[in-house]
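Undergrad: fold the following for me, if possible:
(one chain, ligands or ions: 1)
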Amino acid sequence: MGQRTKSTFHRTSSSHLLQQLIRRSQDEEQGEGESEESSESDTMNLEDEFDGVLTEETVAKALHELGRSGSGTEQVYLNLTLSGCDLTNISILCGYVHLQKLDLSVNKIEDLSCVSCMPYLLELDASQNKLTTFFNFKPPKNLKKVDFSCNQISEMRDLSAYHALTKLILDNNEIEEISGLEMCHSLMHLSLANNKITTINGLNTLPIKILCLSNNLIEKVTGLEDLKILQNLDLSHNQINSLQGLEDHSLLEVINLEDNKIAELDEIEYIENLPILRILNLLRNPVQEKSEYWLFVIFMLLRLTELDKKKIKVEEKVTAVNKYDPPPEVVAAQDHLTHVLNSVMQPQRIFDSTLPSLDAPYPMLILAGPQACGKRELAHRLCRQFNTYFRYGACHTTRPPYFGEGDRVDYHFISQEVFDEMLNMGKFILTFNYGSYSYGLNRDTVEGIARDGLASCIHMEIEGVRSLKCSYFEPRYILVIPMNKEKYEGYLRRKGLFSRAEIEFAVSRVDLYIKINQKFPGYFDAVINADDLDVAYQKLSQLIREYLGLVEEPAKGLAPTVDVKISHLKHEEHLRKSFASSMNDFLDSTDRNYFVKLWAKLAAKKTPVERDSLCRQHETARQALRGKIPSDHTLLFQRGPVPAPVVSELKQGFVPCQDYFGLPFPQYAEESGKDSQASMKHSVLFPPSLWSKELPSQLPEDGIYTHPGSPVSDSEADKALKALCIKSSSQGKASVQHRKPSVMVISRPGSNTKPSLPPIPHGHNRPVLDI
Ligand SMILES: Nc1ncnc2c1ncn2[C@@H]1O[C@H](COP(=O)(O)OP(=O)(O)OP(=O)(O)O)[C@@H](O)[C@H]1O
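TA: Residues are numbered from 1 along each chain as shown. Next up is the predicted model:
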């Protein structure tokens, strides 16, 4: 009763709508009571009797989704679901003209001609039936989605009339060739999985976004060229051995190529430029067995989020990048790590270049810049002019010498085997490959120069700089850069040593250097334009002279970093002077509480004026102590009388001083911590026995020494100290002034590097310490 009512309702006009609905609900209520008893026997009967012919009762039960008809004039049921009803004959559906969604899946239907009567049909699911042809009905004008999967269709037919089709599923049929779709201008989703397709064709310029051709017999990715908006491609379970053909699909997000025959990692190059590829499946391809497969694919396709059905972790991406294209910082860190590890494996020894003191790094000057920009020539000239300060640090290289180059003069020219052996023995501080040759800065080169009390001057490319910056060395870096690239290129060409590619490479690195200098202010301490080598040398020489304190005025026209450096030096100088003068008044203690104790001792004897004076001096000294400590490089490179660090045991303080030749000492030596004291102690050039000769047998009672000109001159202590100083200075040039002399002056220009060099006497060859 209810089924009939519903089907009748569908066919009749909406004028009976209300009445029909009331009756339908009454029927259903009645039915509830009866159903329990009768349902079992009904089912039995149906099973026995059912001949596969669709009845109105069945239809009535399966109708749902009440809504406005396609014509817009009636209220009708829009959807009919008859899935799994064992139907063979659905001809009755001819009368259901308003249907918009029809699900006939899992039946035994062979004929769909009734669909011709459904002009408003939008979706048709006829999957899992017994269709041998498809679309053998008059095309509903707006039919959008059709599923004919799991039938026995062996041939596609012309679908020109189905303009509105957006989704067509033809999986699990027997189709051998894709055809008839040319006019489906709306088709966005096409699935032909599990067919017998050998070649992809017939897709032309369709707007397909999702294409599934899995489980076919396809060997090549062809025929997709015009599918410009393809987003999701499933070609799994085919015979494909190359990714060629996918390279231009810039909107591809998902590629499934599981179970194919892709064997080479190079194939990934075809899809490496797909900008939004997120998911790739290459499971069960021979390429998976390659040892580098996972990281390589991740590296090539960094935008992937999922590979072979596994989410890609950020760490894996980082590892992949570090492996195949490490950023310069990683290269430098790896280089540094290699040399540290290799050197740790060797017998240990104490290095001259690591020992100066805690806060005084071994002095190095690095000239950095692109190949043949003139930095090597500049380094040589500099070392000739300032030979008491610098020595040229020749690197080792595997490249053969150019005409006129001297072994050990420009480089140590060695074979690759020797280079590798040195590397494994931990001999290098840094290494770098340029072109096909290796370059390395040998630790012994630096050590040899350090041992002679000189600073190392070395030229290198930026890669060497980066690696060196990982080490404990704290060189000054000067960028030597040819600003005029044409001139530089011409110069390289005229040299006749380099190939066109080498020249292009060298010139291209000019911008790299400029960029680094701009991006990281302070990365280089100074910049020198290398367009004219003589001018460049003038600037470099002036810069170094200023840096060493050999000239008063700052260089004009140098890079800003230079000026900054100079003003910094002047500031340090000022601090040093004020500190020194105050220190000359307060003597002989590094004890933190010294001033407190001193004050307590002296206060009783002083007049108020004296006390105030002492107080002011005390404060000045404190301020100086709190102020910036002059850089060790400044001390290191200081010309003329330069204070050597205090030689003291603990509690040793500042002393009034004259220099080694009896000149008034202009600087100060300042140390506060134990470590510093220890390191300073190491810096002495005179043996302790010399000190003992000069020491008074007894300290003045209050233990204070003072400079002869010190304003604190009236105390007993001052007097005693003054007496001691006069006595000491009169004892000859080489004498030092008090029981534990704290300051001395090195008069040889280059020898002022000594204070921060190791404690081992000048010129000695030290044995290697096995630890
Ligand atoms: N240990 C090193 N670390 C980093 N770079 C280095 C090292 N030794 C040499 N270089 C640099 O490698 C580059 C190639 O060196 P090469 O000697 O072949 O060139 P060049 O024509 O002599 O250049 P230049 O005159 O600038 O030294 C040069 O820029 C050089 O400064």
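Undergrad: low-scoring stretches of the stretch 551-700 of the chain, by residue?
TA: Low-confidence segments of the stretch 551-700 of the chain (pLDDT under 70): 551-607, 620-700.
Undergrad: next: the chain.
TA: For the chain, applying pLDDT under 70 flags the ranges 1-48, 355-359, 551-607, 620-771.
Undergrad: what residues does it have near the ligand?
TA: Contact residues (C-beta under 6 Å from any ligand atom) of the chain with the ligand: 371-373, 375-376, 395, 399, 430, 432, 434, 439-441, 459-461, 463-464. From N, CA and C alone the C-beta is placed, and that goes for glycine too.
Undergrad: could you pull up the residues touching Ser415?
TA: The contact partners of Ser415, by C-beta atoms under 8 Å, 6 or more residues apart in numbering, come to Thr398.
Undergrad: same check, this time on Pro275
TA: By C-beta under 8 Å, 6+ apart, the contact set of Pro275 is Ser250, Arg303.
Undergrad: now Asn195. Nearest residue, chain neighbours left out?
TA: Leaving aside its chain neighbours, Asn195 sits nearest to Ile175 (4.2 Å; criterion: C-beta to C-beta, 6 or more residues apart in numbering).
Undergrad: wait, is that neighbour part of a strand?
TA: No: counting by DSSP: H, G, I helix; E, B strand; the rest coil, Ile175 is not part of a strand but coil.
Undergrad: is it in contact with Ser154, as I believe?
TA: Yes: between Ile175 and Ser154 there is a contact at 6.4 Å, judged by C-beta atoms under 8 Å.
Undergrad: neighbour-wise, which of these two wins?
TA: Each of Ile175 and Ser154 has its neighbours counted (other C-beta atoms under 10 Å); Ile175 has more, 21 against 14.
Undergrad: so what's the more buried one up against?
TA: The contact partners of Ile175, by C-beta under 8 Å, 6+ apart, come to Ile153, Ser154, Glu155, Met156, Leu192, Asn195, Lys196, Ile197.
Undergrad: any idea how far the last one is from Ser191?
TA: Read that as Ile197. According to C-beta to C-beta, to the nearest Å, Ile197 and Ser191 sit 12 Å apart.
Undergrad: quick revisit: ok, so of the contacts of Ile175, who is nearest the ligand?
TA: For the contacts of Ile175, the minimum distance to the ligand (C-beta to the nearest ligand atom) is 57.4 Å, reached by Ile197.
Undergrad: which residues touch the residue of the stretch 51-200 of the chain found nearest the ligand?
TA: The nearest approach of the stretch 51-200 of the chain to the ligand comes at Ile200, 51.8 Å away (C-beta to the nearest ligand atom). Contact analysis of Ile200 by C-beta under 8 Å, 6+ apart lists Ile178, Leu213, Ile218, Val221, Thr222, Gly223, Leu224.
Undergrad: which one (most neighbours) among the residues you listed?
TA: Leu213 leads the contacts of Ile200 on contacts (other C-beta under 10 Å) with 27 neighbours.
Undergrad: I figured it was touching Lys196, is that so?
TA: No: Leu213 is not in contact with Lys196 according to C-beta under 8 Å; the separation is 11.3 Å.
Undergrad: tell me what Arg68 is bridged to.
TA: Gln75 (DSSP bridges).
Undergrad: that one touches Tyr77, doesn't it?
TA: No: look at Arg68 against Tyr77 with C-beta under 8 Å: they stay out of range, at 11.2 Å.
Undergrad: neighbour count winner among the two?
TA: Neighbours per residue (other C-beta under 10 Å) separate Arg68 from Tyr77, with Tyr77 holding more: 22 against 13.
Undergrad: right, I'll leave it there.
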